[in-house]
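>>> Structural data only, the sequence is not supplied:
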């Protein structure tokens, strides 16, 4: 199967976290050789010459990606052997888990000294492109030898930080498939997991990325077990890092033109075109408030929308349930897409539900029950169940306790591979893991309403990270206007500060349409 092409954009993510062994360096094979020498020697001594040798399947199942001593315990238990842990200072001749682990480390260093460190060739160009485009880069490894390997390979300076087996021991981090090592790496480079990409070749590693709620988990298949990586949490699987492309074309918040101050520039973009207008609700048409039920549009905003609906096609695309946003807006001749586009309805009895979304309802029901139980004692946190997603709000939670909410939601996400974890303004959201988002809903509406024509220019106005899918969709054929304060990197072409500026801007569009500007 041909690898999919992956485009990493600064509008979608801030950092890429690489596992070292098997993703960047070919030390996974060196580790295997060291493990094989260790286990085959021990097994021959333990069970004689007829014992089944340690092989790549054993390495993949029991050792790869795990802390050294846990890997020893896991493999020996698979062969029915229970061995004492002993002490971490045990010498390599001691028949304890620590002793065997220290002997393995001796073998590993001997092989590195003998053969050097070999890199997967696309790794270095990819790292350089990422850093040139403004991405932060971090490396993780369960090995305590991470720094030595990176230095030997000459790539230590290509990372903002590392988190390795030394950190696991000193910080008492849980080993993979726990997400601890990836979460610590994200913390060190000051990015949220939702805005970071994980590249991992081990089953335990993709499980860790999934449980950590990272924005994208890329499985790197080096052994022909891509399906195992998918089933255990990889969002996409590749065999070659060269298929990852870096898009550094995100607009700088310092240079992004204002849709109001630079209205002449905007008007030039739509000259001789008809607008098809798409809008987010919260943070765009109405201010962000602690209680979503109180997110109400001003009378001026409602009047502007009603006038626009008489002049051009207008649709609201929201993360809210469709009946909810439809009731809040209260204008009949608009099109409404709720649940990030899973549920769409409009005039002339137009209505559709993304059928695939229905398959995820049982998983959402279970996840909702679980997350409610986990956060019920966290004051200020609450769950909003939408038909096709679960929003966990923490705007009212004490800042010192928000990490408890995050840990609870991540844990639930880790139990449901069919769901994905996303974030927004003071919320975490569990959604079906489908290739469907606001940009897809926008294109569906364009097609359904027969608006996908050269003379029509689609425009989307939104404020949140989830709106970047729509901005990216329109990058080559429409206009994105981001509502933001403070600034952030975005794929939008224009900016506005808040819903009040949105009202003024929409009114100027009405005047332009009527020929008054």
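Structure received. In this text the structure is predicted, and so the values were computed from the model without any measurement. Residues are numbered from 1 along each chain as shown.

>>> what about the spatially closest residue to residue 202 that is not a sequence neighbour, distance to residue 259?
Distances taken as Cβ to Cβ, 6 or more residues apart in numbering put residue 65 closest to residue 202, at 3.1 Å, once the chain neighbours are dropped. Glycine gets a C-beta too; all of them are placed from N, C-alpha and C. Distance, residue 65 to residue 259, using Cβ to Cβ, to the nearest Å: 47 Å.

>>> same deal with residue 245?
Taking Cβ to Cβ, one finds residue 245 at 30 Å from residue 259.

>>> Give me the below-cutoff pLDDT ranges for the stretch 301-450 of the chain.
Residue ranges of the stretch 301-450 of the chain with pLDDT under 70: 351-356.

>>> Give me the phi and psi for residue 192.
Backbone geometry at residue 192, expressed as degrees, to the nearest 10, gives phi -80, psi 150.

>>> shouldn't it be in contact with residue 186?
Yes - in this structure, residue 192 is within contact of residue 186 by Cβ atoms under 8 Å, at 7.0 Å.

>>> Those two: which is more packed in?
Just comparing residue 192 and residue 186: by other Cβ atoms under 10 Å the higher neighbour count belongs to residue 186, 26 against 17.

>>> Thought residue 15 was touching the more buried one, still the case?
Yes - shown here, residue 186 and residue 15 form a contact pair, counting by Cβ under 8 Å, at 7.0 Å.

>>> so what sits against both of those two?
138, 196 (Cβ atoms under 8 Å, 6 or more residues apart in numbering).

>>> can you pull the contacts of the residue nearest to the spatial centre of the chain?
In the chain, the residue lying closest to the centroid (Cα atoms, centre = their mean) is residue 215, at 0.4 Å. Residues near residue 215 by Cβ under 8 Å, 6+ apart: 12, 13, 193, 194, 195, 196, 197, 422.

>>> which one of those has the most neighbours?
Top of the contacts of residue 215 by neighbour count (other Cβ under 10 Å): residue 196, with 27 neighbours.

>>> What distance do you get for that residue to residue 167?
Taken as Cβ to Cβ, the span from residue 196 to residue 167 is 17 Å.

>>> which outside residues touch the biggest helix by length in the chain?
Using DSSP state H, we find that the single longest helix of the chain is helix 27-47. With Cβ under 8 Å, 6+ apart as the test, helix 27-47 has contacts from 20-22, 51-56, 58-59, 63-64, 71, 75, 79, 81, 95, 100, 103-105, 107-108, 111-112, 115, 117-118, 143, 149, 201, 222.

>>> give me that answer again for 7 Å
21-22, 51, 53-54, 56, 59, 63, 75, 81, 100, 103-104, 107-108, 111-112, 117, 149, 201, 222 (Cβ atoms under 7 Å, 6 or more residues apart in numbering).

>>> what about it, average pLDDT?
Averaging pLDDT along helix 27-47 gives 85.

>>> Pull out the buried positions in that helix.
Residues 27-32, 34-39, 42-43 are the ones in helix 27-47 that count as buried (16 or more other Cβ atoms under 10 Å).

>>> Stretch 440-460 too?
Those would be 440-446, 449, 451, 456-460, for stretch 440-460 by 16+ other Cβ under 10 Å.

>>> which residues touch the closest residue in space to residue 203 that isn't next to it in sequence?
Spatial nearest neighbour of residue 203, chain neighbours left out: residue 232 (5.0 Å); criterion: Cβ to Cβ, 6+ apart. By Cβ under 7 Å, 6+ apart, residue 232 lies in contact with 203, 206, 207.
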